[in-house]
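> Any chance you could fold what I've pasted below:
(2 chains)
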There are 2 protein chains.
Amino acid sequence: MQSTMMKTPLSLNHLLERAGHLFAGNEVVSRLPDKTLRRHTYGDFYRRTRSLASALGQLGMKKGDRVATLCWNHHVHLECYFGIPAAGGVMHTLNLRLAPEEIGWIAADAKDRFLVIDDVLLPLYRQFAHLHRFEKVIVFPFSGAPVDAGLADYEALLAAADPDSFDYAAHDEDDPVAMCYTSGTTGRPKGVVYSHRSTVLHTLVASLGDFWGLRGTDVVLPVTPMFHANSWGMPYGAVMMGVKLVFPGPHLHPDDLLDLIQLEPPTLSLGVPTIWMGLIQAFDASQVAGSPNHGRWKLPRGMRSLVGGAAVPEALIRAFDRHGIWILQGWGMTETSPVCTISYPRAELRDATADERYRRAAMAGVPVPLVELRVRGDDGADRPWDGQSVGEMQVRGPFITGSYHQVPVDAEKFTEDGWLRTGDVASVDALGFVKISDRTKDLIKSGGEWISSVDLENAIMAYPAVAEAAVIAVPDEKWSERPLACVVLRPGQSATPEQLRAHLLQHGFAKWQLPDRYEFIDAVPRTSTGKFWKMKLRERFVK
Amino acid sequence: MQSTMMKTPLSLNHLLERAGHLFAGNEVVSRLPDKTLRRHTYGDFYRRTRSLASALGQLGMKKGDRVATLCWNHHVHLECYFGIPAAGGVMHTLNLRLAPEEIGWIAADAKDRFLVIDDVLLPLYRQFAHLHRFEKVIVFPFSGAPVDAGLADYEALLAAADPDSFDYAAHDEDDPVAMCYTSGTTGRPKGVVYSHRSTVLHTLVASLGDFWGLRGTDVVLPVTPMFHANSWGMPYGAVMMGVKLVFPGPHLHPDDLLDLIQLEPPTLSLGVPTIWMGLIQAFDASQVAGSPNHGRWKLPRGMRSLVGGAAVPEALIRAFDRHGIWILQGWGMTETSPVCTISYPRAELRDATADERYRRAAMAGVPVPLVELRVRGDDGADRPWDGQSVGEMQVRGPFITGSYHQVPVDAEKFTEDGWLRTGDVASVDALGFVKISDRTKDLIKSGGEWISSVDLENAIMAYPAVAEAAVIAVPDEKWSERPLACVVLRPGQSATPEQLRAHLLQHGFAKWQLPDRYEFIDAVPRTSTGKFWKMKLRERFVK
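A predicted model of the protein is given here:
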């Protein structure tokens, strides 16, 4: 027996058509370099995006060609999200926080034909231009200054194009629409290529009530960059539901974000823990009578806030909750589109204490629909969901990558039965909450036992004189591996290895778990996305 | 260039696994024939559903075999929704409101192998048993009475099965999971066959924030029958998000529903206008001091209510809103899974008057994601979305049927370019709100102009002495068609054709639009779903 359902392919073009026809009056607001706001409607967005698609066709873009973007969060970047795929192209977001050599390497690896770039980012472009030749560099006059002759002007291209006569490139749902490179802490970045299908499915799932809970009456502030994991997919969800978007442009300083929140109060905002920490510190400081910014800001009570990209400390969740803002923590990777787990208020926790609810909120969360998740031990067996047993978190689903662009599938990243190995060590409890305890690469295997570098780091950082600590594994003939602690002291303070050892013993660590070496350093090296870059520490201290 | 995403198929089994692992503690409550409540958890649901699937395999069920259900809304029906597809079967819900001969005809047409039936519905079964022989009749002892020897006992089957050793039937996402027959007002019923893919996509879309807005903390009361258009798909959404379900069983009287609402206050409820009208009338009557049910009930303020299946009068929306309950009207067909349009509060109407918001709420609503909608005129051209121009509403999308089970595709139901012809005449306004004015079959084409039978009916029903009116077309040599009004008078009241003509002229109808004939009848015949059955009137009055 056969299903009688239509075989209509999933398509981003449908979301674009939807926004153009249903939400033509709703707004997309972008903050410009001079901090003024530019307002577009979804009606403008629809026509401009179709103009972009038409213009790319005129420039000779062929199906499957990569068009890179090097842009902040704003309306033109949104146009690229839909206009490039509409013309059959693949949008490749370049991460402006990477080293110029890395950006150039990535553009060359992806064989990007065209580049759409903010005029304010041209100085960065010139630092890697020698590494990859784009056929055409299309400059968005974001600052308002005229575009240099010799470079293509995005606005002029759009003005010359005809949105009405544009026809969408034919496609099936598995055709690619976008690619991102992983910001690997080890090895070369690798390309992940999303399809119409994966993007539409991820958008539907992430938009559901318990996660983003997107409604057409929402006002969404995506602080997470559109050049990193597609701003977690929010641009697609916003267009699907027709929500008002408020883009911060290049202004991510806490004071700037708080100013923007006064001008356009969001009902939903997205950011990473470091920026959110700065935000709440700036706000709380302004509450003190006589402080420089006293009375300058209000926080929108009832706003939902999605925070992810790194573990969200419970203290941050409590700090926002004091102002009536609930933080939903999410976990994901470039490889997973990225939303994989979200920590949301569960029916089963309705009668739980506030402490218990904060504890859950500080976990990575519960797998979302269409994501299968398992925790696998070194012995190849799945660990029970008992909140205790740890193993490597592995995931599978229609918006999770099964390979990397032009890289042979290897056993380090994928299991034989086709699951993605996340490289994170986790346990899952009876309600399905995932707790990430470590990176597999950061676990220290000592004498057949595992030592968690994250547990050691947290305990060392709880010592008053310590600002930061990163623990790495050092090869050891007898024990296989032993821990080494890299410690950054607070300015003007001191600590000795003996003091730290005593501190750790007090915190319940066994003697065999204590680091054998302590290295006092000036700062922990970080990746472009703010994560501890332990590879650099290993290069320095492990001979 | 290829996408790197996994090719994981969409699957109902994933939703079942999800519920079993994440929501094992949340509840599914069913009201039994004796009005007591039976409580199961999603953990029970998971194990029982896998037992059902295992038992069906033991009975020799093969992939694609149809298993019919003849059941009220309760936990066992939910088990069939997932257990039959888990074993590779196709759940075929029989509509217990149809005439017995029609049920038998439908079971034979679908070639149903097995039947799962409530014991309280066995008398109905015996009325059509001669029309189709099921290989096995599996009786759910819903009433608590022992199952007759000679019939299979659902609970005994489950008890003998092993949920742990069960393996899901292999499938791809286009494989069928369920079928429903259309309750056509013309011609024989026709089968619509849903797939894993169409069901998962419909579930994701309908669950979104502006539509069902499903969250795990919701308590959902589905009054809409699980034997008609899959209770609008809510069972799938509930399992996906792990919401608490409260099933009314066979007790759909307004007093019974109000009693159930006291016991298990819902945050979301689903029903058809006639039942909701009875509900609010019973409740409002109970508010009168000294009335029989005075003080018996409270309505849960803030509850959302989805009402559809027939046009929702604005008066009903206002009546519920007075008690803090907002009605979301939806439109759909068995052919469309069924959610196609929903009327929800739009950002653009934030500053609109209450009257304006009620007016929109009384429209069919806005197309949901993945549904493409157009309004096509007789000339084959699309009508503009100006709120004025009418044409036939046509839809396309991955959860809309492209054919009927074993029926050749015909031009009356599908366009040449593959859209479903809904048979509804509609206009769409600039915000995308659909207003349905008539059925194409009910339009009267007189002298090259269209006369709306619905407009005439509404105007005639506004005459005080008239209880109901249905207007049909009568063939006419000169004008092609002319209107005939069938009128039901209120008890003890009277009206003449002359009086009705004068009334219609006062209401702004032109002379040529007035009915040529008036027939006074005892009642308007209705279909099993409560719609005017104009075919019966045409049989009676059109020679």
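> Can stretch A:196-209 be said to contact chain B?
Yes. Under the criterion of Cβ under 8 Å from any Cβ of the partner chain, chain B is reached by stretch A:196-209 at A:Arg197, A:Ser198, A:Val200, A:Leu201, A:Leu204, A:Val205, A:Ser207, A:Leu208, A:Gly209. The way it works is simple: take the backbone N, C-alpha and C, and place the C-beta from them, glycine included.
> Any of these buried? List them.
Neighbour-count burial within the residues of stretch A:196-209 next to chain B applies to A:Arg197, A:Ser198, A:Val200, A:Leu201, A:Leu204, A:Val205, A:Ser207, A:Leu208, A:Gly209; the criterion is 16 or more other Cβ atoms under 10 Å in any protein chain shown.
> wait, doesn't the fourth one sit right on A:Glu173?
No. Contact criterion Cβ atoms under 8 Å: A:Leu201 and A:Glu173 do not qualify, at 9.5 Å.
> re the thing from before, got TSV for the buried ones among the residues of stretch A:196-209 next to chain B, with pLDDT and secondary structure too?
Rendered in TSV, the data for these read as follows (pLDDT from 0 to 100; DSSP: H, G, I helix; E, B strand; the rest coil):
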residue	pLDDT	secondary structure
A:Arg197	98	helix
A:Ser198	98	helix
A:Val200	98	helix
A:Leu201	98	helix
A:Leu204	98	helix
A:Val205	98	helix
A:Ser207	98	coil
A:Leu208	98	strand
A:Gly209	97	coil
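> State the pair within these that is farthest apart.
Largest separation among those by Cβ to Cβ: A:Arg197 and A:Gly209, giving 22.7 Å.
> what's stretch A:52-67 in contact with?
Residues external to stretch A:52-67 that are found in contact with it (Cβ atoms under 8 Å, 6 or more residues apart in numbering or on different chains): A:79-80, A:83-84, A:86-92, A:110-116, A:136, A:157-158, A:160-163, A:165-166, A:168-169, A:171, A:175-176, A:179, B:1.
> and that stretch, how far from the chain's centre?
Between the centre of stretch A:52-67 and the centre of its host chain there is 27 Å, according to Cα atoms, centre = their mean, to the nearest Å.
> What separates the first and last residues of that stretch, distance-wise?
Terminal residues of stretch A:52-67 are spaced 12 Å apart (Cα to Cα, to the nearest Å).
> Mind listing what's buried along that stretch?
Of the residues in stretch A:52-67, those buried under the neighbour-count criterion (16+ other Cβ under 10 Å) are A:Leu52, A:Ala53, A:Ser54, A:Ala55, A:Leu56, A:Gly57, A:Leu59, A:Met61, A:Asp65, A:Arg66, A:Val67.
> Pull out the buried residues from the contacts of stretch A:52-67.
A:79-80, A:83-84, A:86-92, A:110, A:112-116, A:136, A:157-158, A:161, A:163, A:166, A:168-169, A:171, A:175-176, A:179, B:1.
> Helix, strand, or coil at A:Leu221?
At A:Leu221, secondary structure determined by DSSP: H, G, I helix; E, B strand; the rest coil is strand.
> same deal with A:Val137?
A:Val137 carries the three-state label strand when classified by three-state DSSP.
> For it, give me its contacts.
A:Val137 makes contacts with A:Phe114, A:Leu115, A:Ile117, A:Tyr125, A:Leu151, A:Ala152, as judged by Cβ under 8 Å, 6+ apart.
> Against A:Tyr154, how distant is it?
10 Å (Cβ to Cβ, to the nearest Å).
> repeat for A:Asp172
With distances taken as Cβ to Cβ, A:Asp172 is found 30 Å from A:Tyr154.
> So for these two, which sits in the more crowded spot?
Neighbour count, other Cβ atoms under 10 Å in any protein chain shown: between A:Asp172 and A:Tyr154, A:Tyr154 has more, with 24 against 12.
> Look up how far chain B lies from the more buried one.
24 Å (Cβ to the nearest Cβ, to the nearest Å).
> cool, A:Glu412 as well?
16 Å.
> What segments of the stretch 201-350 of chain A are strands?
Using DSSP state E, counting those that start in this stretch, the strands assigned to the stretch 201-350 of chain A run over residues A:219-222, A:244-247, A:268-271, A:304-307, A:326-332, A:339-343.
> Would you mind saying which of those lies nearest chain B?
Of all the strands of the stretch 201-350 of chain A, strand A:244-247 sits nearest to chain B, with 6.7 Å by Cβ to the nearest Cβ.
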